[in-house]
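1. Got a predicted structure plus its sequence, pasted below:
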Amino acid sequence: MWIMAGMVGAMMAGMALVGLTAVPPVDDEPDDLEDDGFGPEASGLMQRVGALIGDTYEDAGRSEGNARSDNLLTQLLDDTPDGSAPLPEAKSFDILVDDTPTQTGTAEDDILAGTAEDEVLEGFAGDDQINGYGGDDLVDGGGGQDELFGDTGNDTLLGGDDADQLHGQDGDDLLKGGAGDDALSGHLDADTLDGGAGDDSLQGGDGQDVLIGGEGDDALLGGMGDDTLDGGSGADVLFGGSGEDQLSGASDGTQDFLNGGSGADVIDFGTQDVISTGTGADLLTTMADTTGAEVMDFDTSEDTLVLLFDDSQDATPPILDLRPDGTDSEDLGVWINGEQVALLHGVSATEQADIRLVPQSQFVA
């Protein structure tokens, strides 16, 4: 009979480090094991095996805790080449027990499922499907084209490399696409979506969401709720949806398309951007040195355009001029110091438009 002896426990930093020593059998067969005490008590715990018993084993791997009452020592013995070879001289190994369960995939295409507890699920390489289910989970797809689900709880989903699909679902989730052309969906509650590099698609869903496109040509949809959308660099498309949203297109010379949707929105645009205010009393802001922007549906009865000039070196305001477009008298050109900042479609020179020139240091949205 195999007996585990010499157990020593040491608590530090919330972890228990347990040392065990294997004693060779006397009369019993090797496969006749006594319960080592790591059955139900080990459920939901992450167990790492350090140095293994015997020279036969090259790598310990992991035994991941779950609802089953697995016996770690039985698993190790079952992994012997012929299932019956006795272990050589007594050796010791360590088991590191942490209160956060961890599941890990392989280099293949894996399916991992969490529980109702807080867990770490790592897909590594391969095209993985991972569902955190309950608890506040960390779900890391790693390499490959992965599909990640947070389910309930405040989860963190990391797409990693390649083109991934991330679904936050219930809870206030953080979704980071990483490299590749990713699709991120927050679904419910207040989520933060960061596309990272690549041409990404971000949908906030319900709740007050924050959507960050990052590098690449991204598409951002706020959905319902008061959302914040930042396209980042690249030629982006931003649609606020319903609610009082804040939209920002980067001033990097690329052409962004910004649509506020319904509600009183704040839209910050840059050079060459195309803006649609949608319904509601919207506030449009841009720097006075912006050029070539177009506003497709400026409503003179409720919309406001604010032109910000840099007053850090010179507080003297630039010269603002409003003039009809040369090709269409129903369009109004907004000029600063002889340069056209924006063209307001459907606005004639006879209409009273709310256009303001404001020092940058004094502006509060």
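-> Perfect, thanks for sending it.

2. Flag the shaky bits of the stretch 1-150 of the chain, pLDDT-wise.
-> Along the stretch 1-150 of the chain, the model assigns pLDDT under 70 to residues 1-99.

3. Apply 80 and report the result again.
-> For the stretch 1-150 of the chain, applying pLDDT under 80 flags the ranges 1-100.

4. Without its sequence neighbours, what residue ends up closest to Leu112?
-> Ile130 (4.5 Å; C-beta to C-beta, 6 or more residues apart in numbering). Glycine gets a C-beta too; all of them are placed from N, C-alpha and C.

5. Pairing partners for the helix or strand in which the one you found is found, with directions?
-> Secondary structure assigned from DSSP states H and E places Ile130 in strand 129-131. Sheet neighbours of strand 129-131, with direction, are listed as strand 111-113 (parallel), strand 147-149 (parallel) (DSSP bridges).

6. Dump those strands to CSV, plus mean neighbour count and distance to Gly171.
-> As requested, the strands paired with strand 129-131 are arranged in CSV below (neighbours: other C-beta atoms under 10 Å; distance: least, C-beta to C-beta, whole Å):
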stretch, mean neighbour count, distance to Gly171
strand 111-113, 15, 17
strand 147-149, 23, 12
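
7. what would those look like in CSV with distance to Asp297?
-> Conversion of the strands paired with strand 129-131 to CSV gives the following (distance: least, C-beta to C-beta, whole Å):
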stretch, distance to Asp297
strand 111-113, 48
strand 147-149, 38
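
8. For Arg356, which of the ones you listed is the nearest?
-> When the strands paired with strand 129-131 are compared for distance to Arg356 using C-beta to C-beta, the nearest one is strand 147-149, at 45.4 Å.

9. now what about that closest one, what contacts it?
-> Strand 147-149 is contacted from outside by 123, 128-132, 139, 141, 157-159, 164-167, 169, using C-beta atoms under 8 Å, 6 or more residues apart in numbering.

10. Tell me how far that strand lies from the chain's centre.
-> Relative to the mean C-alpha coordinate of its chain, strand 147-149 is positioned 11 Å out (C-alpha atoms, centre = their mean, to the nearest Å).

11. Helix or strand next in line after that strand, which one?
-> Counting by DSSP H and E, the element after strand 147-149 in chain order, helix or strand, is strand 156-158.

12. who's the residue sitting nearest the centre point of the chain bridged to?
-> The centroid of the chain falls nearest to Leu175 when counting by C-alpha atoms, centre = their mean (1.7 Å). Note on Leu175: beta-bridge partners by DSSP bridges are Leu157, Leu193.

13. Hmm, His187 and it touching each other?
-> No. With contact defined as C-beta atoms under 8 Å, Leu175 does not reach His187; the gap is 10.1 Å.

14. Residues that sit against both of those two, list them.
-> When C-beta under 8 Å, 6+ apart defines a contact, the residues bordering Leu175 and His187 alike are Gly168.

15. distance of Glu244 from Asp303?
-> As defined by C-beta to C-beta, to the nearest Å, Glu244 lies at a distance of 14 Å from Asp303.

16. okay, these two: which has more neighbours?
-> In this comparison of Glu244 against Asp303, neighbours counted by other C-beta atoms under 10 Å, the higher total goes to Asp303 at 24 against 18.

17. Please name the residues that touch Leu188.
-> Neighbour list for Leu188: Gly168, Gln169, Asp170, Gly171, Gly205, Asp206, Gly207 [criterion: C-beta under 8 Å, 6+ apart].

18. Pull the number of nearby residues for the first one.
-> Pointing back at Gly168 there. By other C-beta under 10 Å, neighbour count at Gly168 equals 32.

19. Please give me every residue in contact with Ala342.
-> Neighbouring residues of Ala342 by C-beta under 8 Å, 6+ apart: Thr286, Thr290, Ala293, Glu294, Val295, Leu305, Gly333, Val334.

20. Having no further points to raise, I will conclude here.
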